[in-house]
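1. here is my input, please return the structure:
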Amino acid sequence: MKAAIFKGKGKIEVTDIPKPETKDPTDAVVRVVLACVCGSDLWYFRGISPHPESTIGHEFIGVVESVGSDVKDISVGDFVIAPFAYSDGTCPHCEAGFQTACTHGGFFGMGSGDDGGQSEYVRVPQADGTLFKVPGSDFSEDMLASFLALSDVMGTGYHAAVSAEVEEGDTVAVVGDGAVGLSGVLSAKLLGASRIIVLGSTHENRHDLAKEFGATDIISVRGDEAVAKLMELTDGIGADAVLECVGTKEANDTAFSIARPGALVGRVGVPHHVEIPAEATFFRNVGMKGGPAPVRAYIQKLFDAVVRGDITPGDVFDFKTDLDNIQEAYEMMDQRKAIKSLLRVSTI
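-> Predicted coordinates for the structure are as follows:
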């Protein structure tokens, strides 16, 4: 089968490798229909985070090709959404809603021995606890793109909003206008925020999509200037909830600086060289929650919102290609020519 292989900084190649098979009785093998490139994949592509020469990617939807003997809820032929983390669904952490901390879990495409999602087929451990079976058929391309977004990016944006405890009528600040930040805007709107301030880039296409998703204000400056601008917009109060969707030191510093006293910062950007200002947050009673999003806990709710037409998270995919052009898919995002790259791998 074809699979994207990380070959080192700035280089992804499509290579023929053996098609996976079920190893454990709880496994399934999924034929990938759509996959995509994640902002966290760019940490590897840019040489900032280490990754071995192996398969990569963790966002995919597809059709079940085979199942192990202990798989009861998933069947061959099911069309499924695969969260970026696999989980058994039964351990205490899963039952508490934190499937990314599953005692029998793991993550796709991180070079730890599990298959990457930017491939024609993926072995999915803990299939019953992991895979979300999609009811119905004859979905439009736009709907399929939104289903793909539920494998990670939309659930991650939603986790930021849930972690920040966004409530009806809140003023919410979203730090970052990448795909996760834009999903955070959708999530804040879904949870009832009355004002959504995006602190992001200077790219007009991202601003336009943020406004379509519900953003009321855009701040395109950074650092102290961005903090001053948000304080001006909020009459010196700050935001009721802050979604940190980038992971850099500057983004984190900004997020904690703009949170009003008593607010929570929902952090879902993978932290790089970040230190939380303990003393400053202590005296302002500013809290922090968040981490790897337990996407499996949110899929049903977000799936229903997609089907109703309340949200269209697939709109973040503004570059679409196939698996053979995986290098370009990465480069488009790395060069900020695309918000998020979608890969067409097969058909339902």
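
2. rest of the way, CA atoms for contacts and neighbours
-> Noted.

3. residue boundaries of the helices in the stretch 1-150 of the chain?
-> Applying DSSP state H, counting those that start in this stretch to the stretch 1-150 of the chain gives helices spanning 39-45, 92-95, 127-130, 141-149.

4. per-residue confidence averaged over the first one?
-> Meaning helix 39-45. In this model, helix 39-45 has a mean pLDDT of 95.

5. also the longest one?
-> Per-residue confidence for helix 141-149 averages out to 98 on the pLDDT scale.

6. equivalent analysis for stretch 181-191, please.
-> Stretch 181-191 shows a mean pLDDT of 98.

7. and what of stretch 163-171?
-> 98.

8. now do the same end-to-end measure for it.
-> Separation of the first and last residues of stretch 163-171 by CA to CA, to the nearest Å is 15 Å.

9. next, the buried residues of it.
-> Neighbour counts over stretch 163-171 (16 or more other CA atoms under 10 Å) mark 163-167, 170-171 as buried.

10. kindly report the same for stretch 71-91.
-> For stretch 71-91, a neighbour-count test (16+ other CA under 10 Å) marks 71, 74-75, 78-89, 91 as buried.

11. domain map for the chain?
-> Residue ranges for the domains of the chain, per automatic domain parsing: 2-152+294-344, 157-289.

12. now for the longest helix anywhere in the chain, which elements pack on it?
-> Secondary structure assigned by DSSP state H gives helix 295-308 as the longest helix of the chain. The contact analysis (3 or more CA pairs under 8 Å, 6 or more residues apart in numbering; DSSP states H and E) places helix 295-308 against helix 141-149, helix 153-163.

13. any idea which helix or strand in this structure has the lowest mean pLDDT?
-> Here the helix or strand of the chain ranked lowest by mean pLDDT, DSSP states H and E is helix 278-283, holding a mean of 88.

14. any idea which helix or strand comes after that one?
-> Of the helices and strands lying after helix 278-283 in sequence (DSSP states H and E), the nearest is strand 287-289.

15. quick one: mean pLDDT over that following strand.
-> Computed over strand 287-289, the mean pLDDT rounds to 96.

16. any buried residues in that strand, and which?
-> For strand 287-289, the neighbour count (16+ other CA under 10 Å) marks 287-289 as buried.

17. between the buried residues of stretch 71-91, which is closest to G223?
-> Of all the buried residues of stretch 71-91, G223 sits closest to F84, with 31.6 Å by CA to CA.

18. looks like the closest one contacts H58 (just checking).
-> Yes. Between F84 and H58 there is a contact under CA atoms under 8 Å: 4.9 Å.

19. what touches both of these two?
-> 107-108 (CA atoms under 8 Å, 6 or more residues apart in numbering).

20. ok, back up a step: so what touches the least confident helix or strand of the chain?
-> Contacts for helix 278-283 (CA under 8 Å, 6+ apart): 256, 287.

21. secondary structure class for D315?
-> Following DSSP: H, G, I helix; E, B strand; the rest coil, the label given to D315 is helix.

22. count of neighbours near it?
-> Per other CA atoms under 10 Å, the neighbour tally for D315 reads 20.

23. next up, the contacts around it.
-> Counting by CA under 8 Å, 6+ apart, D315 makes contact with 142, 145-146.

24. next one: the residue nearest the centre of the chain from E120, what distance?
-> Centroid-nearest residue in the chain: V153, 2.3 Å away (criterion: CA atoms, centre = their mean). Applying CA to CA, the value for V153 to E120 is 21 Å.

25. now do A263
-> According to CA to CA, A263 stands 44 Å off from E120.

26. cool, K229 as well?
-> Using CA to CA, we find K229 at a distance of 47 Å from E120.

27. mind listing what the closest residue to Y298 other than its chain neighbours touches?
-> Leaving aside its sequence neighbours, Y298 sits nearest to G155 (CA to CA, 6 or more residues apart in numbering; 6.4 Å). Contact partners of G155, counting by CA under 8 Å, 6+ apart, are 149, 183, 293-295, 298-299, 302.
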